[in-house]
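Asker: Have a look at this fold, sequence not included:
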C-alpha cells in the first residue's frame, strides 16, 4: 500500500517555463514533507521541505505548496533550467517516526 | 568528510554469499538511516539508528538482514545468504538528532547473480 504517490513518471518542459511536480499522500498523520532531487549515480539531495502547519514554502526558484484537505503537495520550479533535469522524489514523515516514506519519483527533463 | 560516505559503490556477488555494506555519516550526526531502492521503485526504509541503538528496525525485510553501528559513527549493513531479489541500491542517510532533513550518500549498487 503506497502512502506517497507520484502518479506521473515523467515530465518534459522547455527552459524558462514552469515545472509543476505533484505528489499525493494517504496518511493524514504525516506532518512533514520533503522534496529530494536525484542525479544518476548520486544519492538524493535535499531540495525543499514544508511542515504541515504551513501551506507554502519558497526558496529561490523552488516553491512547495501543501493542501492538507486534499492530501496533496506540489513543487513549482520557476524558471526551469536544463540543470534541473533529474528524478524528483516526494517524501513524508509521520510525527513520532524518524523514517521517511518516499514516492516512486518523477523524471523531469528541461529542454534547452 | 563533508558528506555521507558509502562503500563499496558497487558490489557484485553470487547468490548465497554474505555481503557487508558500509556507511560513514556526516560528522556530528547522531541519527543514521538505511534505505534501499529497487529498480523503478521509491526508497524503502530499512532501519534507523540513534547513536548505537536501533529503535526502529521495522523495514528490515527478513532475518537475513542485520545492521550495527559502533562508536556512534560508522554503520554496517549485512545481508546473509543473498538472493536475487536483494539486488538494489542501498542508501545511507544521516541527520542531527531530531533533525527533519536526512542527508544521503551516493549508495551501494548491489547485484546478486
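Answerer: Looks like it came in fine. The shown structure was predicted, so the numbers you read here are calculated from the model rather than taken from an experiment. Residues are numbered from 1 along each chain as shown, chains lettered A, B, ... in the order given.
Asker: Skip the chain neighbours and tell me the closest residue to residue A:62.
Answerer: residue A:48 (4.9 Å; CB to CB, 6 or more residues apart in numbering or on different chains). C-beta coordinates here come from the backbone N, C-alpha and C atoms, glycine included.
Asker: for the one you found, what are its contacts?
Answerer: A:34, A:35, A:57, A:59, A:62, A:63, A:64, A:75 (CB atoms under 8 Å, 6 or more residues apart in numbering or on different chains).
Asker: Keep only those of these that are in strands.
Answerer: In strands, defined here by DSSP state E, the members of those are A:34, A:35, A:57, A:59, A:62, A:63, A:64, A:75.
Asker: nearest to residue B:78, of those residues?
Answerer: residue A:34 (28.5 Å; CB to CB).
Asker: rewinding a little: reformat the ones in strands among the contacts of residue A:48 into CSV and put neighbour count next to each item.
Answerer: Below are the ones in strands among the contacts of residue A:48 laid out as CSV (neighbours: other CB atoms under 10 Å in any protein chain shown):
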residue, neighbour count
A:34, 22
A:35, 24
A:57, 15
A:59, 10
A:62, 17
A:63, 18
A:64, 24
A:75, 23
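Asker: Spatially, which two of the residues you listed are the most separated?
Answerer: A:34 and A:63 (14.1 Å).
Asker: Enumerate the beta-bridge partners assigned to residue A:51.
Answerer: Judged by DSSP bridges, the bridge partners of residue A:51 are residue A:32.
Asker: what pLDDT does it get?
Answerer: Note on residue A:51: pLDDT of 95.
Asker: how many neighbours does it have?
Answerer: Using other CB atoms under 10 Å in any protein chain shown, residue A:51 has 12 neighbouring residues.
Asker: for it, what are its contacts?
Answerer: A:31, A:32, A:33.
Asker: Local confidence estimate at the last one?
Answerer: At residue A:33, the predicted lDDT confidence score is 97.
Asker: Okay, it and residue B:84: tell me how far apart.
Answerer: Per CB to CB, to the nearest Å, residue A:33 is found 34 Å from residue B:84.
Asker: Mind checking which of those two has more residues around it?
Answerer: In this view residue A:33 and residue B:84 are compared by other CB under 10 Å, and residue A:33 has more residues nearby, 25 against 9.
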